[in-house]
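Give me a 3D structure for the following:
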Amino acid sequence: MEFNRSQKSKQNDALDDLITFFAGTVVHLPEVKLDKLIYIAHLYYYAKSGELLTKTRFFSLSYGPHAPTLRSALRRLIENKSISLKESRTSSDPVYSNPCLIIKACGPKNKNLSSSSLHALRDVLEDWGDKPYDLILEYTARTIAYLSTSYREPIDWTSSRPYHELTHVLPYPERLSIHKFVEKHETPAPRSDARCQEVPLSVHEVAEIYLALCGEHPDKIPSREYLGFDLQSVHHALDKQAGKNEGSYKHLDEIEKASQIADALFTALSFRSLSARVALKTGMFFLRKKGFSFHDDVLEEHWPDDNSYEILKEWFGRVSVRVDTKL
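Residues are numbered from 1 along each chain as shown. You can find the predicted model right below:
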């Protein structure tokens, strides 16, 4: 019993340290912004180290990821006078502004944070400390950790391997481009982040194809009913198109590569009832980026007879036409 109390105390202290850090460094810090900054700190830390920053649990909710324990932590810090709340307004004009409570640190910055934790926190501060809440919300609601977690379920950081792209989200123009492709097969826009162009497809693009097929908008927080997919199986499918699982992959032509991607997604059923459409659209998206074209009614009038690799290879070869020979 004493051990459990000690563990809980350590968990509380770890979250308290993060709160006091941001309370002492972010000028305008309402609770909703703090909630998202702490989520981003966990995301940054895990992406770089593969370890959890704290044991704070985040859940996928209607307005992005949220840590329910934050409220009790704030009360605890107010009681011991580590932080205070100050009323502020969102506009200089009192007629058009709403009062909100801003979190302020009462003392010096916490010195219990490790150097690796501080490095992640400073990165968050540099990237997001002065950004308005709506931009921070848009970012967190498009992170893969949030999108792949079903509504009201806890986010499992370990469902994704740690790597840089975990902290990346698709900019709005790229999301819009994917939605236009899904609807009209328009040519996808090139990726703006050169670090994510090492492979032809990313988890973010597959997830956005799924959201587009759900009828979601590229500039809105996804509806709760569409949150959640099997992230590990998507990683496995994309490992094939990156050549990580098959040494002979680089010798395949584009039709064969698209078929492998679609076959892996078909088999995994990562996106529930939409898995088949996501698999085919992802293969088509890959080919479109490689200079192929499709008729608008491909899926409605020419659905493949089977989801085996050979059938998919024949299907992609039949419904696509190369319009650009430059790879």
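
what's around Ser150, how many residues?
Counted by other C-beta atoms under 10 Å, the residues lying close to Ser150 total 14. The way it works is simple: take the backbone N, C-alpha and C, and place the C-beta from them, glycine included.

Quick check: the nearest residue to it once chain neighbours are set aside vs Glu153, distance?
Distance criterion C-beta to C-beta, 6 or more residues apart in numbering; nearest residue to Ser150, sequence neighbours excluded, is Gly228 at 3.1 Å. The span separating Gly228 from Glu153 equals 7 Å under the rule C-beta to C-beta, to the nearest Å.

Same check on Lys81?
Lys81 sits 36 Å away from Glu153, going by C-beta to C-beta.

cool, and Phe294?
When C-beta to C-beta is the yardstick, Phe294 and Glu153 sit 36 Å from each other.

same deal with Lys33?
The gap separating Lys33 from Glu153 is 24 Å, by C-beta to C-beta.

ok, back up a step: and the residue nearest to Ser150, how far is that from Pro200?
Using C-beta to C-beta, one obtains 25 Å as the distance from Gly228 to Pro200.

Which other helices and strands does the helix or strand encompassing Leu135 contact?
Secondary-structure assignment from DSSP states H and E places Leu135 in helix 133-140. With contacts defined as 3 or more C-beta pairs under 8 Å, 6 or more residues apart in numbering; DSSP states H and E, the secondary structure elements packing on helix 133-140 are helix 31-49, strand 64-66.

what packs against the helix or strand following the shortest one?
Scanning forward in sequence from strand 64-66, with DSSP H and E defining helices and strands, the next element found is helix 70-79. For helix 70-79, the packing partners by 3+ C-beta pairs under 8 Å, 6+ apart come out as helix 2-25, helix 31-49, strand 83-89.

what packs against the second one?
If you count contacts as 3+ C-beta pairs under 8 Å, 6+ apart, helix 31-49 packs onto helix 2-25, strand 64-66, helix 70-79, strand 99-105, helix 115-128, helix 133-140.

before we move on, the earlier item: and the pLDDT for the residue nearest to Ser150?
According to the prediction, Gly228 has pLDDT 96.

in terms of contact, does it touch Ser60 like I think?
Yes. At 7.4 Å, Gly228 and Ser60 qualify as touching, with contact defined as C-beta atoms under 8 Å.

so how far is stretch 253-267 from its chain's centroid?
Stretch 253-267 has its C-alpha centroid displaced from the chain centroid by 24 Å (C-alpha atoms, centre = their mean, to the nearest Å).

outside of that stretch, which residues touch it?
The contact list for stretch 253-267, computed with C-beta atoms under 8 Å, 6 or more residues apart in numbering, reads 200-201, 206, 233-234, 236-238, 240-241, 246, 249, 252, 271, 275-276, 278-280, 282-284, 286-287, 290, 292, 307-309, 312-313, 316-317, 320, 327.

if we go to 7 Å?
Residues outside stretch 253-267 that contact it (C-beta atoms under 7 Å, 6 or more residues apart in numbering) are 201, 236-237, 240-241, 275-276, 278-280, 282-283, 286-287, 290, 307, 309, 312-313, 316-317.

In contact with Ser320, which residues?
Under the criterion of C-beta under 7 Å, 6+ apart, the contact list for Ser320 reads 287, 292-294.

where's it relative to Glu314, distance?
Here Ser320 is placed at a distance of 11 Å from Glu314 (C-beta to C-beta).

Equivalent analysis for Arg71, please.
Distance of Arg71 to Glu314, computed by C-beta to C-beta: 57 Å.

Please apply the same query to Val206.
23 Å.

Skipping its backbone neighbours, what lies nearest Leu176 in space?
Nearest non-adjacent residue to Leu176, counting by C-beta to C-beta, 6+ apart: Pro218, 4.8 Å away.

Would you confirm that that neighbour contacts Pro173?
No. At 9.1 Å, Pro218 and Pro173 do not qualify as touching, with contact defined as C-beta atoms under 7 Å.

These two - which one has more neighbours?
The neighbour comparison of Pro218 against Pro173 (other C-beta under 10 Å) goes to Pro218, with 18 against 11.

who's in contact with the more buried one?
Pro218 makes contacts with 172, 175-176, 179, as judged by C-beta under 7 Å, 6+ apart.

which SS state does it fall under?
Secondary structure, DSSP: H, G, I helix; E, B strand; the rest coil: Pro218 is coil.

Between the two ends of stretch 165-174, what distance do you get?
Taking C-alpha to C-alpha, to the nearest Å, the span from the opening residue of stretch 165-174 to its closing residue is 15 Å.

Pull out the buried residues from that stretch.
By neighbour count, and taking 16 or more other C-beta atoms under 10 Å as the criterion, the buried residues in stretch 165-174 are 165-170, 174.
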